[in-house]
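Engineer: could you look at this predicted model? Sequence included:
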Amino acid sequence: MAKVKTHYSCQSCGYNSHKWLGRCPGCETWSSFVEETETPSNEEGSTVSDVRNAFRTTREGVLAASGVQWVDLQPDKKGAISESQEQKRLQTGIQELDRVLGGGLIPDSFTLLGGDPGIGKSTLLLQMAGGLCRAHPDIKVFYVSGEESIDQIRGRAQRLGVEGKGRVFLAAETHLEKAFTSIKELKPDVVIMDSLQTFSSGFVPSAPGSVTQVREVAARLMALAKSAGIAVWLVGHVTKEGNIAGPKTIEHMVDTVLYFEGESGQSYRLLRTVKNRFGSSRELGVFEMDGEGLREVTNPSSLFLSDRKSPVSGTAVAATLEGSRPLLVELQALVTPSGLAMPRRTSVGLEASRVSLLAAILEKHMKLNLAAQDLFFNVSGGMRLADPACDLAAAAAIWSSFKEQALPLHWMWMGELGLTGEVRRVSQPDLRIEEARRLGFKTIILPQNTPSVILERFSNLAQLKIKCISRIDELSELLI
Ligand code: TYD
Ligand code: MG
């Protein structure tokens, strides 16, 4: 019998070593190495081929049985490629989900949905199963759960109003090859595997959730998606525990990576595209979780703007762009005298280092004495901002709190701040202005060097006032 080879694998990043290490050289995590048996061969397990062969008779576009199929970049004659992937996209019946997928679900794609446990991944995919059935009369969905019993899923589907008699099939199974046998029989168009960390393939002896097992499961599901033309969804829990590998370890293998996020104590959920081979990788979908599952939020700016009736000091509204989607968010600053030798700089929603940088720019170029002040910063609604176009609004909020001077209620600020105090242009200002206008904002503060076509387009509108700023020290003049 062949000798079984083993190695040690970091459960956090997948770094391999022939001996046990206390600290991983790859990701610097402590005590994350676990002994794993090496995969005997890279041969494709027979079950994947079985499924592929079962599909060969019923579907087009499968790979050749031996060798690699190759084609010319340009088809020989017009129409040789009958349908582009764009045309084959399936609408999921959930617009916010279609948006993050780049316009719908590609039939032979492999999608990873990551997120913290309990955030709503299973709920979203169950609702998607219902949506797909509603939108397409001949589609079959197979939901394989390694976490919940069939009764639990049925109960939830009933509560969510998901209907799919004869179209949505459920199985509670953790053995991957057994699930493949069912897929072969059912021939579904969409398969949902929930979740990555619970499945195990018989071709690998490692425990479920280990890096080797997680990679093997992902590789087999990828082969399934591509060879049988099934849209495969894989749920992956983000976990901080060292003994369970997270979705990060397989991100490179899949076509699309979506992350579902939300703040504890808040009911809204953000679905972000992190990677997408079929569309933009920076899209955002917004949902709200209530007693009847996830509801799409079609006007997300309203979530992030607080209900202010009169102007108060320390707040300014910015427009952030998430993919192609503009969102208005309210930024809040509180500047108070500090009794500490090292004044506090606390920030929620914007990187603390960015807030310190903005404070330093205000000190230098507007002569604000912030060195003896505590500075607390918050993005309302719990949104996390990474768009530099929000710099100007953040600086304006800090200035407003320090001066105890309220900024007008219906002003929206956009601009990136340079270390020398200049206000730089932002990407796609037109989308941001349109969103502000839609929500009733009356004055837009723009960087001076915004393209003139944009300035001309919006300056002639009666309900909208455009003010330009080239340096941060002009801020107080704007208010006169
Ligand atoms: P779930 O989809 O099971 O999360 P995940 O698959 O990411 O682990 O969602 C579980 C949470 O969602 C649970 O805390 C209850 C809540 N929830 C609702 O608030 N309303 C609902 O209608 C449903 C189905 C779940
Ligand atoms: Mg779940």
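Structural biologist: That came in fine, so what should we check first? Ligands and ions are numbered 1, 2, ... in the order given.
Engineer: ok, longest strand in the protein?
Structural biologist: Taking DSSP state E as the criterion, the chain has its longest strand at strand 325-337.
Engineer: what's it packed up against?
Structural biologist: Packing partners of strand 325-337 (3 or more Cβ pairs under 8 Å, 6 or more residues apart in numbering; DSSP states H and E): helix 301-304, strand 315-322, strand 373-379, helix 391-403, helix 429-438. Just so you know, the C-beta spots here come from the backbone N, C-alpha and C atoms, and that holds for glycine as well.
Engineer: if we go by neighbour counts, what in it is buried?
Structural biologist: By 16 or more other Cβ atoms under 10 Å, the buried positions in strand 325-337 come out as 325-335.
Engineer: what's the next secondary structure element after that strand?
Structural biologist: Per DSSP states H and E, strand 325-337 leads on to strand 345-348 as the next helix or strand towards the C-terminus.
Engineer: buried set for that following strand?
Structural biologist: Result for strand 345-348 [16+ other Cβ under 10 Å]: buried residues 345, 347.
Engineer: and it, which strands flank it?
Structural biologist: Neighbouring strands of strand 345-348 in its sheet, by DSSP bridges, are strand 373-379 (parallel).
Engineer: and the angle for the strand it pairs with with helix 391-403?
Structural biologist: Orientation check (axes from the mean of the first three to the mean of the last three Cα atoms, to 10 degrees): strand 373-379 against helix 391-403 gives 140 degrees.
Engineer: so which residues make contact with strand 373-379?
Structural biologist: 304, 329-338, 340, 343-350, 355, 359, 385, 394, 397-398, 402 (Cβ atoms under 8 Å, 6 or more residues apart in numbering).
Engineer: likewise for stretch 17-36?
Structural biologist: Stretch 17-36 is touched from outside by 6-15, 206, 210-212, 242-243, with contacts defined as Cβ under 8 Å, 6+ apart.
Engineer: which one in those residues is the model shakiest on?
Structural biologist: For the contacts of stretch 17-36, the weakest pLDDT value sits at G242, with 56.
Engineer: poorly predicted segments of the stretch 201-350 of the chain, please.
Structural biologist: Within the stretch 201-350 of the chain, the segments meeting pLDDT under 70 span 241-244, 306.
Engineer: now whatever residue of it ends up closest to ligand 1. Its backbone dihedrals?
Structural biologist: In the stretch 201-350 of the chain, the residue found nearest to ligand 1 is G293; the distance is 4.0 Å by Cβ to the nearest ligand atom. As for G293, its main-chain torsions (degrees, to the nearest 10) stand at phi 90, psi -150.
Engineer: that one reaches L125, doesn't it?
Structural biologist: No: using Cβ atoms under 8 Å, G293 makes no contact with L125, being 11.2 Å away.
Engineer: and those two? Which one has more around it.
Structural biologist: Regarding G293 and L125, a neighbour count based on other Cβ atoms under 10 Å identifies L125 as having more, with 23 against 20.
Engineer: who's in contact with the more buried one?
Structural biologist: 113, 143, 192, 194, 233, 235.
Engineer: 6 Å instead?
Structural biologist: Going by Cβ atoms under 6 Å, 6 or more residues apart in numbering, L125 touches 192, 233.
Engineer: before we move on, what SS does the residue most central in space within the chain have?
Structural biologist: Most central in the chain under Cα atoms, centre = their mean is R272, positioned 1.8 Å from the mean C-alpha point. When classified by DSSP: H, G, I helix; E, B strand; the rest coil, R272 comes out as strand.
Engineer: how many neighbours does P247 have?
Structural biologist: By other Cβ under 10 Å, the residues close to P247 number 26.
Engineer: same question, A360
Structural biologist: For A360, the count of nearby residues is 13 (other Cβ under 10 Å).
Engineer: that one and L368, how far apart?
Structural biologist: As for A360, its distance to L368 is 10 Å (criterion: Cβ to Cβ, to the nearest Å).
Engineer: can you check T181 too?
Structural biologist: From T181 to L368 the distance is 69 Å (Cβ to Cβ).
Engineer: same question for C133.
Structural biologist: 59 Å.
Engineer: what does Y8 give?
Structural biologist: Y8 is 54 Å from L368, by Cβ to Cβ.
Engineer: for stretch 425-436, buried residues please.
Structural biologist: For stretch 425-436, using 16+ other Cβ under 10 Å, the buried residues are 425-426, 429, 432-433, 435-436.
Engineer: and the next element down the chain from the lengthiest helix in the chain?
Structural biologist: In the chain, with assignment by DSSP state H, the single longest helix is helix 211-228. Of the helices and strands lying after helix 211-228 in sequence (DSSP H and E), the nearest is strand 231-237.
Engineer: helices of the chain, start to end?
Structural biologist: With DSSP H, the ranges of helices along the chain come out as 46-56, 85-88, 95-101, 121-135, 150-160, 176-186, 211-228, 301-304, 352-366, 391-403, 429-438, 452-459, 475-478.
Engineer: ok, and what's touching the fifth one?
Structural biologist: If I follow you right, that is helix 150-160. Helix 150-160 is contacted by residues 126-127, 145, 170, 172, 293 when judged by Cβ under 6 Å, 6+ apart.
Engineer: any idea of the mean pLDDT for it?
Structural biologist: 94.
Engineer: ditto for the first one
Structural biologist: The predicted model gives helix 46-56 an average pLDDT of 64.
Engineer: could I have the PyMOL command that selects the buried members from the contacts of stretch 17-36?
Structural biologist: Buried members of the contacts of stretch 17-36, identified by 16+ other Cβ under 10 Å, are gathered into one PyMOL selection as follows:
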select buried, resi 8+9+10+11+12+13+14+15+206+210+211+212+242
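Engineer: and of the contacts of stretch 17-36, the nearest to I466?
Structural biologist: C13 (48.6 Å; Cβ to Cβ).
Engineer: what sits against the closest one?
Structural biologist: Residues in contact with C13 (Cβ under 6 Å, 6+ apart) are 26-27.
Engineer: hmm, back to that, check the buried residues of stretch 425-436 and tell me the two furthest apart.
Structural biologist: Once Cβ to Cβ is applied, the buried residues of stretch 425-436 give R425 and E435 as the farthest pair, at 17.6 Å.
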